[in-house]
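Trainee: Test case, fold it:
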Amino acid sequence: MLFRGVRKPSKVLEGCRARAPVTHSTHDIMSTEAHPESTKAPPGTAEFAMKIFMASWTLSFVALISAYVYMRALADLWPPDGAPRPPLKLTTISTVAAVVSSGVLQIGVHRANCGDRSLLAASVGGTAGLGVLFLVLQSLAGFEATARGLVPTLNAYGALFWITAVFHALHVVVGVVALVALWARIRSERAPSSLTLRLWSYYWHGVDLAWLAIYFVMFLPG
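Mentor: You can find the predicted model right below:
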């Protein structure tokens, strides 16, 4: 059984069969006939808690970006006081990795509804790998920024830049750890519920959207 506690609409299953045959046995796919108790909808408490959690850190990112925009609007010259600009090349590559990771994860979530365990495992593992790549590239960008003189103690601009970057990186770390745990469960046949997969996909997409906002506001020259 790939997922627990979810009824899959027949139209979704028909569409999956039309696109590609599922090679797993019927035991790999959730069956409401074999498991009548699985027809019960999962409680909404976990989903509500995740939405509240995401809303809280979204507001934190909004506050940080708003402070940056306000600081920039008041400055006659940007970056202020002759401060160096943040590295753009490595940051752009890491941004591409973040966008691709969301697409890879969403493909896996979609194919999971078809009972495609192998593609789901590859998707979740690939997304975690891209998350690690993002963190490595951001670390290298951080070293480059420091070499340029963009350090937290430089001024208010430097402090705000580093607080925002580190705050986002910590959220990426949480997402990578969760994805690795999901990947391990899928590989070991201890399949997570579709609710668990869906909630962590929400989280990952939210972290990526937050990064896109940071990238366009704080890194692109303007």
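
Trainee: and the gap between L182 and S201?
Mentor: The gap separating L182 from S201 is 10 Å, by Cβ to Cβ, to the nearest Å. For every residue, glycine as well, the C-beta is placed using N, CA and C.

Trainee: One more: A165?
Mentor: On the measure of Cβ to Cβ, A165 and S201 end up 24 Å apart.

Trainee: L154 too?
Mentor: For L154, the distance to S201 - Cβ to Cβ - is 37 Å.

Trainee: ok, these two, which is more surrounded?
Mentor: Neighbour totals were compared for L154 and S201, and S201 leads with 22 against 18 (other Cβ atoms under 10 Å).

Trainee: Tell me where the model's unsure across the protein.
Mentor: The chain contains residues with pLDDT under 70 at 1-43, 222.

Trainee: Let's see that with 50 instead.
Mentor: 1-14, 18, 20-41 (pLDDT under 50).

Trainee: helix or strand for the closest residue in space to T153 that isn't next to it in sequence, which one?
Mentor: Closest residue to T153 apart from its sequence neighbours, by Cβ to Cβ, 6 or more residues apart in numbering: A159 at 7.4 Å. Assigned by DSSP states H and E, A159 belongs to helix 156-187.

Trainee: now the next helix or strand after that helix, how far from the chain's geometric center?
Mentor: Counting by DSSP H and E, the next helix or strand C-terminal to helix 156-187 is helix 194-214. Offset of helix 194-214 from its chain centre (Cα atoms, centre = their mean, to the nearest Å): 4 Å.

Trainee: Just the angle for helix 194-214 relative to helix 156-187, thanks.
Mentor: 160 degrees (axes from the mean of the first three to the mean of the last three Cα atoms, to 10 degrees).

Trainee: Contacts for helix 194-214, please.
Mentor: 3-6, 42, 46-47, 50-51, 54, 57-58, 61, 65, 95, 98-99, 101-102, 105-106, 109, 112-113, 127, 131, 164-165, 168, 171-172, 174-175, 178-179, 182 (Cβ atoms under 8 Å, 6 or more residues apart in numbering).

Trainee: So among these, which ones count as buried?
Mentor: Using 16 or more other Cβ atoms under 10 Å as the burial test, those include 3-6, 42, 50, 54, 57, 61, 65, 95, 98-99, 101-102, 105, 109, 112-113, 127, 131, 164-165, 168, 171-172, 175, 178-179, 182 as buried.

Trainee: Specify the residue positioned farthest from the middle of this structure.
Mentor: Here the chain reaches farthest from its C-alpha mean at D76, the gap being 35.9 Å by Cα atoms, centre = their mean.

Trainee: Quick check, V124 in contact with A178.
Mentor: No. Using Cβ atoms under 8 Å, V124 is not in contact with A178; the gap is 9.7 Å.

Trainee: For A75, give me phi and psi.
Mentor: phi -80, psi 140 (degrees, to the nearest 10).

Trainee: Might you quantify the distance of stretch 69-78 from its chain's geometric centre?
Mentor: 30 Å.

Trainee: how about the CA coordinates for that stretch, as PDB?
Mentor: Extracted C-alpha coordinates of stretch 69-78, given in PDB (Å, rounded to 0.1, in the frame of the first residue of the first chain):
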ATOM      1  CA  VAL A  69      12.500  47.700   0.800                       C
ATOM      2  CA  TYR A  70      12.000  50.500   3.300                       C
ATOM      3  CA  MET A  71      15.700  50.900   3.900                       C
ATOM      4  CA  ARG A  72      16.400  51.000   0.200                       C
ATOM      5  CA  ALA A  73      13.700  53.600  -0.400                       C
ATOM      6  CA  LEU A  74      15.300  56.000   2.100                       C
ATOM      7  CA  ALA A  75      18.800  55.500   0.800                       C
ATOM      8  CA  ASP A  76      20.300  58.000  -1.700                       C
ATOM      9  CA  LEU A  77      22.700  55.400  -2.900                       C
ATOM     10  CA  TRP A  78      22.300  51.600  -2.900                       C
END
